[in-house]
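**Student:** Next input, structure requested:
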Amino acid sequence: MLARSSRRSVTATALGALLCGALLGTPSAAAAAGPTVTVPPAGSHGFPFLAAAEDLGSFGYTESEYFISGTATSYAKSGLWTSDGRWAVRASGSAAYKSRLLVRRPVDPAAFNGTVVVEWLNVSGQLDLSPDYWFEREELLREGYAWVGVSAQAVGVNGGRGEIKGLKGWDPARYGSLVHPGDAFAYDIFSQAGQALRTPNGSDPLGGLPVRTLLADGESQSAGFMTTYVNAVHPVSSVYDGFMVHSNSAVAAPISGRLADTLLMPNPSRIRTDLSVPTFVVLTETDVPGAAAARQPDTDSVVHWELAGTAHGDQWAFDLGNPTVQKSAGAAAPSPDCAAGSAPFNDGPGHWAMNAALRHLAGWARGGPRPPSGQPLSTVLRDAATGLATGGVRLPDVTVPTRTLTGGRDTTDSGVFCGLYGARDPWNGDADAWDRHDDGDPSDPSYPDTPEPVLSRLYPTHADYVNKVRTAAQTSVDAGYLLPEDAAAIVSAAQDSAIGSSTQSFTERVVQ
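**Tutor:** From the prediction side, this is the model:
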């Protein structure tokens, strides 16, 4: 167990900033003061980019946006970097910046649980996206977390190849004053975002809520930056109390911020194990083939989960996030762009696992118990009867299956993002019907051309199905991979389904 205090006094924070400034050659006075926090103008849209489409007020939440500005430091390697992640850095430059924080927090201070999740917004689609907010949204809102999205990278602010030219192009009246000097400075901008939440200099983004625990979070491309942040930047910034690294690859993002320099990063890039704050690495089935080279034993400060039957992006995250993206970006919103007639998205248990992972990390960062370890997921072997992956963290969708869930898919004639959403293949409901597995990748020899399971044979009665789901859910709760309230929702959904019912039609079973 990590024995540490997540509370930091203003004096301790300022002292740490001064010491880091002395070591790195950064402007210590500016570091101690922290970035300036201001309120943006209304702009032409009248709302922030990525403003939630859902009614946050119905959950007791409010949404607001703030600008942070100051002088950011860029870093360069100091000494040899190896796969163990114990990476030293030196200051390599400084530049003025001005970026933004998107804040969702409880309206009632008594509802705040003391933990702030700070997400490094993802810019793979050439604009700001918040995938981990969507994956973790149920846990965030029901448990009273505050969530803050940080526009840490230049593309999100300045624009790139996409139709929307960043925040500045989307609403010049609101965001025209923003300045991003490049991704070499993204790491320190993210540090200063955390500092602005702990000790605001100007407007208070959290409206006076007292911060007990500050967690950094990043998914996919952002997870690559998060890996480098944990290994190289946190030791000299000491801003965050814990890290969620969701769906990273075997190689971390370059400290220079230049994509081409990824080739100069250690391969594999593992998480350093000598930090006093915890890091939780969660990989979906989509991620494991590309990340398996960086596997490492779990320690007192690093835990890994590999989730069977899940995808990098999935139906849950798409359904929850797409209305928000459409609200801001409209027709210019990035799309998975899957070919017509291709398999539907994976609708597996990724969000259930992320809810549990977040609660574990929050407690762990406050000195609580380390989360349970997860078994490695096989990157080759799949169950011949069900088509499901073997090994890994297995939630009820996988242990009491009704469909084949995969992390990949056939991307012929599809867009570049389509393959990240995995696939699902519903099974036959009727013993008189027959079908074969459609794994979404006919070139993969690990998917044999065999008849798929028949639901009426697996679950002869509805009660049988519900009992199996209930048992599997409790097993996952006992193992620490599923939260009790999510287990209750899974069992309720099983009870409401027609699986095992004698009145269920073949069509209904196939849809499920």
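**Student:** end to end, how far does stretch 364-378 reach?
**Tutor:** From its first residue to its last, stretch 364-378 covers 28 Å (C-alpha to C-alpha, to the nearest Å).
**Student:** List the buried residues for it?
**Tutor:** 364, 365, 366, 370, 371, 374, 377, 378 (16 or more other C-beta atoms under 10 Å). All C-beta spots, glycine's among them, are computed from the backbone N, C-alpha and C.
**Student:** Would you mind listing the outside residues contacting that stretch?
**Tutor:** Outside stretch 364-378, the residues that touch it by C-beta atoms under 8 Å, 6 or more residues apart in numbering are 1-6, 212-213, 215, 241-242, 277-278, 280, 283, 285, 288, 292, 295, 298, 300, 303-308, 357, 360-361, 363, 389-393, 479-481.
**Student:** One more: stretch 462-470?
**Tutor:** Contacts of stretch 462-470 with the rest of the structure, by C-beta under 8 Å, 6+ apart, involve 396, 400, 458-459, 490-491, 494-495, 497-501.
**Student:** so where do the strands sit in the stretch 201-350 of the chain?
**Tutor:** Listed from the start of the chain, the stretch 201-350 of the chain has strands (DSSP state E, counting those that start in this stretch) covering 201-202, 213-219, 242-246, 279-284, 302-307.
**Student:** Which residue ranges of the chain form strands?
**Tutor:** If DSSP state E is used as the criterion, the strands of the chain fall at 36-38, 61-78, 88-106, 115-120, 146-150, 201-202, 213-219, 242-246, 279-284, 302-307, 377-382, 389-391, 403-406, 423-426.
**Student:** Of all those strands, which one is nearest residue 263?
**Tutor:** strand 61-78 (13.8 Å; C-beta to C-beta).
**Student:** So what are the sheet partners of the closest one and their directions?
**Tutor:** Neighbouring strands of strand 61-78 in its sheet, by DSSP bridges, are strand 36-38 (antiparallel), strand 88-106 (antiparallel).
**Student:** roughly how far out does it sit from the chain middle?
**Tutor:** The chain centroid and the centroid of strand 61-78 are separated by 19 Å, computed with C-alpha atoms, centre = their mean, to the nearest Å.
**Student:** tell me the angle it makes with strand 146-150.
**Tutor:** 50 degrees (axes from the mean of the first three to the mean of the last three C-alpha atoms, to 10 degrees).
**Student:** that older thread, rebuild the strands of the stretch 201-350 of the chain as TSV, extending it with mean neighbour count, distance to residue 179 and mean pLDDT.
**Tutor:** Conversion of the strands of the stretch 201-350 of the chain to TSV gives the following (neighbours: other C-beta atoms under 10 Å; distance: least, C-beta to C-beta, whole Å; pLDDT from 0 to 100):
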stretch	mean neighbour count	distance to residue 179	mean pLDDT
strand 201-202	17	17	97
strand 213-219	27	22	98
strand 242-246	27	27	98
strand 279-284	28	31	98
strand 302-307	25	36	98
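**Student:** can you pull the buried residues of stretch 195-212?
**Tutor:** For stretch 195-212, the buried set under the neighbour-count rule, 16+ other C-beta under 10 Å, comprises 195-202, 205-207, 209, 211-212.
**Student:** For residue 264, see how far away residue 314 is.
**Tutor:** Counting by C-beta to C-beta, to the nearest Å, the separation of residue 314 from residue 264 is 33 Å.
**Student:** among the buried residues of stretch 195-212, which two are most distant?
**Tutor:** So, these by C-beta to C-beta: farthest apart are 202 and 212, at 22.1 Å.
**Student:** And for residue 481, nearest residue in space, chain neighbours not counted?
**Tutor:** Sequence neighbours aside, residue 393 is the residue nearest to residue 481 in space, at 5.1 Å (criterion: C-beta to C-beta, 6 or more residues apart in numbering).
**Student:** cool, and residue 320?
**Tutor:** Across the structure, with C-beta to C-beta, 6+ apart as the measure, the residue nearest residue 320 apart from its sequence neighbours is residue 134 (4.5 Å).
**Student:** Tell me the pLDDT of that neighbour.
**Tutor:** Residue 134 is assigned a predicted lDDT (pLDDT) of 98.
**Student:** wait, doesn't it sit right on residue 321?
**Tutor:** Yes: contact status for residue 134 versus residue 321: in contact at 4.3 Å, counting by C-beta atoms under 8 Å.
**Student:** Could you pull out the helices in the stretch 301-450 of the chain for me?
**Tutor:** Listed in chain order, the helices of the stretch 301-450 of the chain (DSSP state H, counting those that start in this stretch) span 315-329, 350-365, 396-399.
**Student:** buried residues in stretch 351-365?
**Tutor:** In terms of neighbour count (16+ other C-beta under 10 Å), stretch 351-365 has its buried residues at 351-365.
**Student:** now the helix ranked longest in the chain, how far from the centre of its chain.
**Tutor:** Ordering each helix of the chain by length in residues (DSSP state H) puts helix 462-479 first. Here the centre of helix 462-479 is set off from its chain's centre by 27 Å, with C-alpha atoms, centre = their mean.
**Student:** Make 420 the starting number, not 1.
**Tutor:** That works, and once the first residue is 420, the last one we named lands at helix 881-898.
**Student:** Return that helix as PDB; C-alpha atoms alone will do.
**Tutor:** What follows is helix 881-898, C-alpha atoms only, in PDB (Å, rounded to 0.1, in the frame of the first residue of the first chain):
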ATOM      1  CA  HIS A 881     -35.000 -16.800 -18.500                       C
ATOM      2  CA  ALA A 882     -34.400 -17.600 -14.800                       C
ATOM      3  CA  ASP A 883     -31.300 -19.600 -15.700                       C
ATOM      4  CA  TYR A 884     -29.900 -16.700 -17.700                       C
ATOM      5  CA  VAL A 885     -30.600 -14.200 -14.900                       C
ATOM      6  CA  ASN A 886     -29.100 -16.400 -12.200                       C
ATOM      7  CA  LYS A 887     -26.000 -16.900 -14.200                       C
ATOM      8  CA  VAL A 888     -25.600 -13.100 -14.800                       C
ATOM      9  CA  ARG A 889     -26.300 -12.500 -11.100                       C
ATOM     10  CA  THR A 890     -23.600 -15.000 -10.100                       C
ATOM     11  CA  ALA A 891     -21.100 -13.600 -12.600                       C
ATOM     12  CA  ALA A 892     -21.800 -10.000 -11.500                       C
ATOM     13  CA  GLN A 893     -21.200 -10.900  -7.800                       C
ATOM     14  CA  THR A 894     -18.000 -12.700  -8.700                       C
ATOM     15  CA  SER A 895     -16.700  -9.600 -10.500                       C
ATOM     16  CA  VAL A 896     -17.700  -7.400  -7.500                       C
ATOM     17  CA  ASP A 897     -15.900  -9.800  -5.100                       C
ATOM     18  CA  ALA A 898     -12.800  -9.700  -7.300                       C
END
